[in-house]
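[1] I would like to see how this sequence folds:
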Amino acid sequence: MRARRFVGPSLAHRVRVEAHAVWLAVRDPRTPLAARLLGLVIAAYALSPIDLVPDFVPVLGLIDDALLVPAGLWLVARMVPPALLVEHRATAEAAARRPVSIAGFAMVLLLWAALAWAAWSSARVFWN
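    Sure thing, here's the model as predicted:
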């Protein structure tokens, strides 16, 4: 007996598109103020290095991010008018299908390498 395999977007893809749609909704003036504020709090929590449970705590440190961020996205999505959310989901899905820029990736990589070299050079001069 073969296991059925769901063929469709991965969970990571769906969360990324949903997060982008919520971000677009938060920036839209037609979105209710409460949804906009909650969306900003969720985005700040997701991007903040400060967590409710620090990431170095085994298992629990990562589970809080894996539960709170999707739950917050779900709650904000429930607060946004459905027609508006459909519009932003379509925009987010279209953005997710755009090709990735290899040149942009290379530029960011070169920038980080230059910053690392500058930091290393400064540290070497300081300690010599």
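
[2] Tell me the secondary structure at residue 105.
    helix (DSSP: H, G, I helix; E, B strand; the rest coil).

[3] Residue 111 versus that one, what's the distance?
    Noted for residue 105: a distance of 11 Å to residue 111, by C-beta to C-beta, to the nearest Å. Every residue, glycine included, has its C-beta placed from N, CA and C.

[4] any shared contact partners between those two?
    Counting by C-beta atoms under 8 Å, 6 or more residues apart in numbering, residue 105 and residue 111 have no contacts in common.

[5] Could you report the neighbour count for residue 42?
    Residue 42 is flanked by 23 other residues according to other C-beta atoms under 10 Å.

[6] tell me what whichever helix or strand it is part of is packed against?
    Using DSSP states H and E, residue 42 sits within helix 33-47. Packing partners of helix 33-47 (3 or more C-beta pairs under 8 Å, 6 or more residues apart in numbering; DSSP states H and E): helix 11-27, helix 60-79.

[7] pLDDT weak spots in this structure?
    The chain contains residues with pLDDT under 70 at 1-8.

[8] again, 80 this time
    Within the chain, the ranges that satisfy pLDDT under 80 run 1-12, 46-57, 60-62, 64-65, 98-100, 128.

[9] next one: the helix or strand residue 91 falls within to chain centre, how far?
    Taking DSSP H and E as the criterion, residue 91 maps to helix 82-96. Centre-to-centre, helix 82-96 and its host chain are 16 Å apart (C-alpha atoms, centre = their mean, to the nearest Å).

[10] Please apply the same query to stretch 90-99.
    14 Å.

[11] Give me the buried stretch members for it, please.
    Neighbour-count burial for stretch 90-99 flags residue 92 (criterion: 16 or more other C-beta atoms under 10 Å).

[12] One more: stretch 75-82?
    76, 77, 79, 80.

[13] Hmm, residue 54 is touching residue 61, no?
    Yes. Contact criterion C-beta atoms under 8 Å: residue 54 and residue 61 qualify, at 5.5 Å.
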